[in-house]
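Engineer: task: produce atomic coordinates for the following.
(2 chains)
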Amino acid sequence: MSETATIDTQATPAQALLNWFRQRARDLAPFITLVALVLFFSITTDSFFNLINFRNILAQISTLAVVSTGVTFVLLCGEIDLSIAAVSMMTGVVAAVIYGTLGLPGGVAILLGALSAAALGVLNGWSATRIGLPSFIATLATMQIASGLAQYITKGKIIYTLAPELEFLGGEYLGTTDPWRLPVVILVGITALLIGHFVLTYTKFGRYIYMTGSNREAARLSGINTKNIVAGCLTISAFCAGLAGMINTGRLGSAQGYGLDDMLLDSISAVVLGGTSLFGGEGGIKNTMIGLLIFGVLNNGLNQLQLDIFVRLWARGVILLIALIINIYALRLRNQAAKI
Amino acid sequence: MALNSIDFDVLEGEVHGLIGENGAGKSTMMKLLAGVYNDYSGEMRLHGEPVRFSSPANAQSRGIGMVYQELSIFPHISVAENLFGRATPTRFGMIDWRKMNSIAQEHLQELGLDIDVTTLMGSLSVGSQQLVEIARVIFSGARIIILDEPTSALSPPETRRLFEFITNLKQQGKTIIFISHFLEDVLEISDRITVLKDSRKVATLNAADASKHQLVELMIGTDAKLLQKSYEEQTGAVEQRTFDQVRLEVKNLSKADAFQDISLTIHRGEVLGLFGFMGAGQLQLARCLFGAEQADSGSIFLDGQEYKLKNTTKARAAGIAYVPENRRDSLMLGQEIFKNITLAHLGRLLSGLLNQRTELEIAREQIGNVGLRPPEPNRLAGALSGGNQQKVVLAKWLTQLPRLLILSEPTRGMDVGAKEEVMSIVRGLREQGVAILLITTEPETLLSIADRAVVLRKGRITAELSGADLTKENLMRNA
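Structural biologist: Alright, predicted model coming up:
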């Protein structure tokens, strides 16, 4: 979204202010939601509002942040990637096996893991653009492939030998004294988000992504190779998922062939909660950051409330629905504002 | 005023042709008859009884049925289901397939149509679909059938078939109103023909006594020759501009179900008009010239070099620019104007990273060139009027001077002022050596700027006109 304001010189000051809010509704509404949630949990529990807990929230959403960066790219260009959780899992396993069983250095294991993830992303891209499968279907198939491969490689066992680099990135801390020990994983998450933001906002590739998502046919008729853009986004998405999967193994201390399924809906929720449109062309990494925070705060807060676990699950679903509805209304407000 | 004091009558059992230029009032007239409009002054009588239809459904219930140029069929269900529509016969609340199919088949047989009612509508040819649509309208009780441009998508044998069908219907006492641009078809099938011009009725004559030449003259008025003179005086356009270098050469370009054997040339700095009624294949031709669709055979040369335009990116790189007829396909309405303007040539305009300040500068320059109002690059493109949106589309392509500019219906839906502004931008471009292909269904637009014209009819070039031959009459006669 553009930084510059559009000043309507004919409107009264009150109208102009209202208009200013309307135009930013897409970005403001999630932010307000976040503040509201923080306030709510701070008031209703004792354990929420403290530095260590905030640090924990950030750590909890860090690997999700890496995946969500990739998801942001895909949603912005108007597509979807259902294979991310499976690719994450598979990549974690692949890296662990290359390091542990094949005995190759950690750096090599990570590289090969990332490549395997990217390869699946290329497969997604190819099916979606050259074959013409809807991305929903193409990535659904890849999800099965990745999931199957992960289980095939592990044969149900859990792998504990992980590349030390991953253990560092996922599990270590910088500094020695609490609360000033910073989990490295937070830095990883922030780095991914920043790189994503840079590409989307300052490169031509990023601009083409927004335009492809905004109006695919118009982009194509302006000479943009929309097939390549879509394929590129799907590759990035898989790559990010792979990185996240490997870092996650470092965080958990193990790699296994199942159990990451939640990550798919969690990351899509986080991105959409932040205001990025499911239809493409609107949103970005800043929105994803807010969305991740909302997601993290929500999870953490509900935990602190010590609600029944089953209540937590559906409560989360209800809040997600409410946030999405607010999202749609924010979009309509913005469109109305544009016409004034 | 869309229609001005028109007296019109149709005899039972006749085929009555209705012709006139774009904007003459045919479409309004037809919608009035079909009950789409009911806010008119004057009287309409059906079988001697005064009527005023409140809605299309009302008109249908009184026996008037309409078949539009774009058929309104459901391709994924069977012919029988299309025929019955919502009135499917049921047994105990479930669809009675057997009854439906047998009644439908019987109905088609009575009309002399040999089509299996269980086939999927979408698998029929366009010609057959149209016949089924007419049958449907009759099935719903229509005794007066209005056909809007029925032959524009039909091949000659399909047109034959339609005419046999219509003759059949006549014998069964049905009445047909046949609206069309194709004068030979109108002459062949009609008993009488009514000519509309500028919202008025010019004449009603017997088809047997009329000639095509006569009809064209009636449609455009015998002062067409005077109009032609005034064009010449006004714009000096028939100053014979001379051209040296061939910029675009198209050889035997063909695409199934769109156009056949198209060959044309455009010189550097020349405006070639491409005239044809809607559906003649011009839109697909434009897209093939921009790599947005692929032709089946033939070749395209720019400045002597052959180009295989496999996608739009390659076409853009070759220096081809394309302004589609549908603004929705050429602008991101939800994005700012400056982003739309820099889009096409973003790679060349900015080396390295995006820089909003540079983009705004470029946008402002273009906004000045095309005279965009209001000149605010940060506004969303969707907030602009139609004419100004079109200027943004032009601006987008002019950030790098193209070799070939393809304009598809560039002035559609614009008021006179906006049209003139767009045309003056185009004039400026030809001075700079851009070769321009102007595709339009408006003869006036073409005549005001084209150096030469090519007429397209049902996918083929029927005439090439220049100099003194480039007249509205000749354009319309060959389309």
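
Engineer: C-alpha from now on. contacts and neighbour counts both.
Structural biologist: OK.

Engineer: who in the stretch 251-400 of chain B is up against chain A?
Structural biologist: B:292, B:311-316, B:322, B:328-332, B:334-336, B:343-344, B:346-347, B:352-355, B:378-380, B:382-383 (CA under 8 Å from any CA of the partner chain).

Engineer: could you redo the last one with a cut-off of 7 Å?
Structural biologist: Selection of the stretch 251-400 of chain B residues close to chain A by CA under 7 Å from any CA of the partner chain yields B:292, B:312-313, B:316, B:329-332, B:344, B:353-354, B:378-380, B:383.

Engineer: any of the residues you listed buried? List them.
Structural biologist: Applying 16 or more other CA atoms under 10 Å in any protein chain shown to those, the neighbour count classes B:292, B:312-313, B:316, B:329-332, B:344, B:354, B:378-380, B:383 as buried.

Engineer: between these, which is closest to A:Ile309?
Structural biologist: Nearest to A:Ile309 among those, counting by CA to CA, is B:Met332 at 45.3 Å.

Engineer: using the three-state scheme, assign the closest one.
Structural biologist: coil (DSSP: H, G, I helix; E, B strand; the rest coil).

Engineer: quick one, what contacts it?
Structural biologist: A:Ser214, A:Asn215, A:Ala218, B:Asn340, B:Ala381 (CA atoms under 7 Å, 6 or more residues apart in numbering or on different chains).

Engineer: sort out for me which of the residues you listed are in helices.
Structural biologist: A:Ser214, A:Ala218, B:Asn340 (DSSP state H).

Engineer: show me what from chain A comes close to chain B.
Structural biologist: Residues of chain A lying near chain B (CA under 7 Å from any CA): A:6, A:202-204, A:214-215, A:217-218, A:220-225, A:338-339.

Engineer: show me the shaky parts of chain B.
Structural biologist: Low-confidence segments of chain B, defined by pLDDT under 70: B:1, B:222-240.

Engineer: how does it divide into domains?
Structural biologist: As given by automatic domain parsing, the domain ranges for chain B are B:15-222, B:228-478.

Engineer: spatially central residue in chain B, please.
Structural biologist: Relative to the mean C-alpha position of chain B, the nearest C-alpha, by CA atoms, centre = their mean, is the one of B:Met278, at 2.4 Å.

Engineer: part of a strand, is it?
Structural biologist: No: looking at B:Met278 with three-state DSSP, it is coil, so not inside a strand.

Engineer: re the thing from before, so which of the ones in helices among the contacts of B:Met332 comes closest to B:Thr159?
Structural biologist: A:Ala218 (35.9 Å).

Engineer: so which of the contacts of B:Met332 wins on neighbours?
Structural biologist: B:Asn340 (26 neighbours; other CA atoms under 10 Å in any protein chain shown).

Engineer: report the contact partners of it.
Structural biologist: By CA under 7 Å, 6+ apart, the neighbours of B:Asn340 are B:Leu331, B:Met332, B:Lys396.

Engineer: closest to B:Thr441 among these?
Structural biologist: Distances from B:Thr441 to these, taken by CA to CA, are shortest for B:Leu331, at 22.5 Å.

Engineer: residues in contact with the spatially closest residue to A:Gly291 that is not a sequence neighbour?
Structural biologist: Distance criterion CA to CA, 6 or more residues apart in numbering or on different chains; nearest residue to A:Gly291, sequence neighbours excluded, is A:Gly274 at 3.7 Å. By CA under 7 Å, 6+ apart, the residues touching A:Gly274 are A:Pro30, A:Asn287, A:Thr288, A:Ile290, A:Gly291.

Engineer: ok, the last one - how many residues close by?
Structural biologist: Taking other CA under 10 Å as the criterion, the count of residues near A:Gly291 is 28.

Engineer: so where do the helices sit in the stretch 101-250 of chain A?
Structural biologist: A:106-126, A:135-154, A:164-171, A:184-202, A:204-214, A:216-220, A:226-252 (DSSP state H, counting those that start in this stretch).

Engineer: returning to that earlier point: just the closest of the residues of the stretch 251-400 of chain B next to chain A to B:Leu248, please.
Structural biologist: Taking these together and measuring to B:Leu248 by CA to CA, the closest member is B:Arg316, at 14.5 Å.

Engineer: hmm, back to that, now the residues of chain A next to chain B: which count as buried?
Structural biologist: A:6, A:203-204, A:214-215, A:217-218, A:220-225, A:338.

Engineer: low-confidence ranges in the stretch 1-150 of chain A?
Structural biologist: A:1-11, A:22-23, A:26.

Engineer: show me the two of the buried ones among the residues of chain A next to chain B that sit farthest apart.
Structural biologist: Checking these with CA to CA, the most distant pair is A:Thr6 and A:Asn225, at 30.8 Å.

Engineer: which stretches in the stretch 301-450 of chain B count as helices?
Structural biologist: Going by DSSP H, counting those that start in this stretch, the stretch 301-450 of chain B shows helices at B:312-317, B:337-343, B:346-349, B:356-370, B:386-398, B:416-431, B:443-447.

Engineer: contacts for the fifth one?
Structural biologist: Meaning helix B:386-398. So helix B:386-398 is contacted by B:321, B:323, B:330-331, B:340-344, B:366, B:370, B:372-373, B:381, B:414, B:418, B:422 (CA under 7 Å, 6+ apart).

Engineer: any idea what B:Gln305 is bridged to?
Structural biologist: On the basis of DSSP bridges, B:Gln305 is bridged to B:Leu302.

Engineer: what number of residues lie near B:Ile145?
Structural biologist: 23.

Engineer: now it, what's its secondary structure?
Structural biologist: B:Ile145 is classified as strand under three-state DSSP.

Engineer: so who does it touch?
Structural biologist: Contacts of B:Ile145 (CA under 7 Å, 6+ apart): B:Ile64, B:Gly65, B:Met66, B:Thr175, B:Ile176, B:Ile177.

Engineer: which residue of chain B lies farthest from its centroid?
Structural biologist: B:Phe92 (46.8 Å).

Engineer: gap between that residue and B:Ser102?
Structural biologist: Plainly put, B:Phe92 is 18 Å away from B:Ser102 if you go by CA to CA, to the nearest Å.

Engineer: redo the helices of the stretch 301-450 of chain B as TSV? Include distance to A:Gln144.
Structural biologist: Formatted as TSV, these follow (distance: least, CA to CA, whole Å):
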stretch	distance to A:Gln144
helix B:312-317	34
helix B:337-343	38
helix B:346-349	38
helix B:356-370	43
helix B:386-398	43
helix B:416-431	54
helix B:443-447	57
